[in-house]
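# sequence and computational prediction follow.
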Amino acid sequence: MTETKRIILNPVTRISGFLGIDATIDNNLVTDARTEGLLFRGFEKMLEGRSPLDAVYFTQRICGICSTAHSIASSLALESALGIKVSQQGRYLRDVIHACEFLQNHIRHFYQYTSPDFVRLPKGNTLFETDHNDFRLPAGKNDLIVQHFFDSLEYSRSAHEMLAILGGKAPHNHGVFIGGVTSQATIENISSLKMLVQNIREFIISKMIPDAYTIADYYKDYFENGQGYGNLLSFGCFDRYEKLGTLYVDPLVYSGGSIMAFHPNEITENIYSSWYADKKVAYMPLETVPEPDMSKSEGYSWVKAPRYGGIPYEVGPLARMWLCGEYRNGISTMDRTLARVLEAKKLTDIILTLLDNLIFGIDVQREYDIPQSAYGIGLTDTTRGALGHWLKIENGLISFYQIITPSVWNLSTRGQDNLPGPCEKALIGTTLKDTDNPVELGRIIRSFDPCVSCATHVYSKGNLVKSINVVP
Amino acid sequence: MNEPNLNCTNSKMRLETASVLVHKAINAIGQNKIKKGNLIWLELTGCSGNIISLLDGADPNFKNLATQMVNFIYDNSLMAAEGESAMEKLFGVIGNDFILAVEGAVSTKNDGLYNIIGRWRGQAVTAFDAIKMLGEKASYVVAVGTCASDGGISAARPNPAACVGTQNLLGRKVIKLPGCPCHPDWFLGTLAYILMFGEPALDDRNRPIMFYSTLIHDMCPRRPYFDQGIFASQLGEETCMFKLGCRGPVTRVDCPIRKWNNRVNWPIGDNSPCIGCAMFGFPDRMEPFISYDTTRKE
């Protein structure tokens, strides 16, 4: 006899922002799953009517963990609208700032967000208490990773320190701007940056990568779950420099076993299952920003559903490492975690290369004229995957702004075709050992490093509760 | 010209305030003179930037906080527990003494349903519910960052999620630490002060005077350029940012002395204007952030 059970996991902690999972379980097998983010702010609407120059600092506030990514994408979109070509030195400096943000994220994601799923943290602090008991590491190995959990804080902090040396402060930097950056390479700041990145690199190589492989050794079953579609997409990053060529990955997609060139015109967004209304259910990014509508019966989320060539794609470190050919072990929960820590090392190589190619004392800024009417597109891969900003300028002001974040790709909802989003697909088919402690669900979702602050458009289904009585 | 004058006793003392307070509190806890506090970090309608900024604290740092200063009960970004049991820890604090740190504004749209922070006992809990339930019962409420203090960017026009600051919903005093994000020193110094002495001296907007009494313009290392009338005409110039729209002349906070991220830099030090992110009314009343000459006629 089939026993059907519904599991609602909300909040999914150790991610950025608010997310719930609503899963249907038949005899320990996940047969359906929906990912529901739980926050709506509406940045696109806020941006209308503001000065185009303000978009760079404004859009960073979408997300405190990946604010630099938005400053990069909005600068790219504005440069495209204003017809500005960025100098190579400007790009190098800006990309160093961007790479520092990847490092901060990856170190924190591995130690503060991922490791508590597999490693028992010290007793005596409510923050570290768990409910499940699936901890498999022997005490010595466990305690070493716990020590690194705390040690790592110094390295993620110094990644942000590097970011601030060129960017002024972090989160929410001031340095990334149209034309590159506002700062310059100097002997002092480049030597500080080199020292800091060497220290971070040493930590990644000697602690973080071995720790990830230790966890992988004791949780081999996590190479067998969370596979998802196996469709991978990247907008490219640290790529196509005039002199240096591509240091990381070009814009590419992978589906059905083959790698293909990426074409921006294949991107659409679908709102069939999202709490939005518009004349069309699916549209191109520059066409429309739909209005909120919570009354739709088929809606279950504020997250929209971006598609490439009509189908869902996974984005993030594994997609990049796969597409550039550096990691081809597999596509699964544990592969995502391994690809992320390996990518962290790769990023330190990229930073060192860019630093070596900087010329001291070059000012890349000038005064930019805002056109009366223009549009621009900024596409880049960032920490969590493919990020796009699309904007239009009318009468010298922003008249339209569209943002599709990496986590919207991964947490996307279903279109009329009822195809689950990539995270939903990764959950479906999972066998749960203990349905009372469904630890697999959180582990699979966290391997995507979701950022719901970025997804911004989500809403929970189920009973709408106006107030809650607290037992005194 | 980017360094504050640390020969000045006033600047030097201000720089050390947070560190001295935190280490005094930790010593007092170690000697059983005061108790560790219970801390709830409640993230609501915002961007998670304040908890990330807190992790950037150098001296004092996050480990000081989590292992020596408080029993850290709840933070959705960092806690090991998830789902219902996480929410049990959150609401289980009611009845005990606790300090409530709030990050993010509170969405009031559609009965608060634009921001659900979790499910408890089978029902959705909105940001609005959570602040009402916990805010009145906490020993102290600290609004961390500009959104929690005043709505901030979450409440930027046309304010699609109808966001408000924490104080708007609570009939009690909220200590405000605006800044986008809040500097880790501002929070950790304030928390240490609360643990040892209770409420710190506040200004008329309920900001601790020890961090928010300095006008950026008065302490700015680029002030001599202003006094000499030497102004930057574009970003990237190492002079006064006034004509680019710098909000240093209206923003009260100690950035020029404290700076950011292990004190390596700050926005004006990066040749860009202050955008008044610690000011009430940010962002709408601080815009445009950048204009190429505020004194030039269009």
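Yep, that arrived.
# show me where pLDDT drops low in the stretch 1-150 of chain B?
B:1-2, B:4 (pLDDT under 70).
# how far out from the middle of the chain is the helix ranked longest in chain B?
Longest helix in chain B by number of residues (criterion: DSSP state H): helix B:9-30. Relative to its chain's centre, helix B:9-30 lies at 18 Å (Cα atoms, centre = their mean, to the nearest Å).
# now it: buried residues?
Neighbour counts over helix B:9-30 (16 or more other Cβ atoms under 10 Å in any protein chain shown) mark B:11, B:14-15, B:17-19, B:21-26, B:29 as buried. (C-beta placed from N, C-alpha, C; glycine too.)
# same deal with stretch A:411-425?
In stretch A:411-425, counting by 16+ other Cβ under 10 Å, buried: A:411-415, A:419-425.
# model confidence score at the one residue in the stretch 51-200 of chain B that gets nearest to chain A, please.
Nearest residue of the stretch 51-200 of chain B to chain A, counting by Cβ to the nearest Cβ: B:P160, 3.1 Å away. As predicted, B:P160 sits at a pLDDT of 94.
# over to A:G299?
85.
# could you do A:P292 as well?
86.
# and for A:K304?
The model's pLDDT for A:K304 equals 95.
# per-residue confidence at residue 281?
All of this is about chain A. 95.
# actually, chain B is the one I wanted.
Reported pLDDT for B:G281: 95.
# make sure it is actually in contact with B:D150.
Yes - at 7.2 Å, B:G281 counts as touching B:D150 under the criterion of Cβ atoms under 8 Å.
# domain assignment for chain B?
When chain B is parsed with automatic domain parsing, its domains come out as B:9-210, B:214-298.
# any chance of those in JSON lines, with distance to A:C66 too?
Below are those laid out as JSON lines (distance: least, Cβ to Cβ, whole Å):
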{"stretch": "domain B:9-210", "distance to A:C66": "9"}
{"stretch": "domain B:214-298", "distance to A:C66": "16"}
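# and B:G281 and B:D150? which has more neighbours close in?
B:D150 (25 against 15; other Cβ atoms under 10 Å in any protein chain shown).
# check contacts around the more buried one.
B:165, B:176, B:178, B:280-282 (Cβ atoms under 8 Å, 6 or more residues apart in numbering or on different chains).
# show me the contacts for B:L21.
Here B:L21 is in contact with B:188-189, B:192-193, B:196 (Cβ under 8 Å, 6+ apart).
# pull the distance from stretch A:199-209 to the chain's centre.
Stretch A:199-209 sits 22 Å away from the centroid of its parent chain (Cα atoms, centre = their mean).
# ignore the last one, stretch A:37-53
Put simply, stretch A:37-53 sits 19 Å off its chain's centre (Cα atoms, centre = their mean).
# cool, and stretch B:288-298?
The answer for stretch B:288-298 is 29 Å, by Cα atoms, centre = their mean.
# what comes up buried for it?
B:289-292.
# export the residues you listed to CSV and tack on pLDDT?
Shown next, in CSV, are these (pLDDT from 0 to 100):
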residue, pLDDT
B:F289, 97
B:I290, 95
B:S291, 91
B:Y292, 90
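# could you tell me which residues of the stretch 101-250 of chain B lie near chain A?
B:107, B:109-111, B:113-120, B:123-126, B:129, B:133, B:152-154, B:156-161, B:163, B:180-181, B:233-237 (Cβ under 8 Å from any Cβ of the partner chain).
# which residue ranges of chain B form strands?
B:37-43, B:70-74, B:99-103, B:106-107, B:116-120, B:123-126, B:140-144, B:163-164, B:175-177 (DSSP state E).
# what would the ones you listed look like in a markdown table with distance to A:L29 and mean neighbour count?
Converted to a markdown table, the strands of chain B look like this (distance: least, Cβ to Cβ, whole Å; neighbours: other Cβ atoms under 10 Å in any protein chain shown):
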| stretch | distance to A:L29 | mean neighbour count |
| --- | --- | --- |
| strand B:37-43 | 33 | 24 |
| strand B:70-74 | 32 | 22 |
| strand B:99-103 | 38 | 28 |
| strand B:106-107 | 37 | 30 |
| strand B:116-120 | 23 | 26 |
| strand B:123-126 | 27 | 23 |
| strand B:140-144 | 43 | 27 |
| strand B:163-164 | 41 | 25 |
| strand B:175-177 | 48 | 27 |
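# of all of chain A, which residue lies closest to chain B?
A:G64 (2.2 Å).
# number of residues surrounding that residue?
29.
# what do you get for A:D356?
Residues near A:D356, counting by other Cβ under 10 Å, number 11.
# look up phi and psi at it.
phi -70, psi -20 (degrees, to the nearest 10).
# what parts of the stretch 201-350 of chain A come near chain B?
Counting by Cβ under 8 Å from any Cβ, the stretch 201-350 of chain A sits next to chain B at A:292, A:294.
# which of the contacts of B:D150 sits closest to A:E3?
B:G165 (47.6 Å; Cβ to Cβ).
# go ahead and confirm that closest one touches B:G145.
No - counting by Cβ under 8 Å, B:G165 does not reach B:G145; the two are 10.2 Å apart.
# these two: who's more crowded?
B:G145 (34 against 25).
# contact partners for the more buried one?
B:46, B:49-50, B:103-104, B:152, B:177-182.
# kindly report the same for A:G376.
If you count contacts by Cβ under 8 Å, 6+ apart, then A:G376 has A:76-82, A:390-391, A:393 around it.
# just those residues: which are in helices?
Checking the contacts of A:G376 against DSSP H, those in helices are A:76-82.
# let me know the closest of the residues you listed to A:N329.
A:L76 (32.0 Å).
# surely that closest one touches A:G378?
Yes - using Cβ under 8 Å, A:L76 is in contact with A:G378, at 3.1 Å.
# so what's in contact with the two at the same time?
The contact lists of A:L76 and A:G378 share A:H389, where a contact means Cβ under 8 Å, 6+ apart.
# any stretches of the stretch 351-472 of chain A with poor pLDDT?
If you take pLDDT under 70 as the line, the stretch 351-472 of chain A has these spans: A:456-472.
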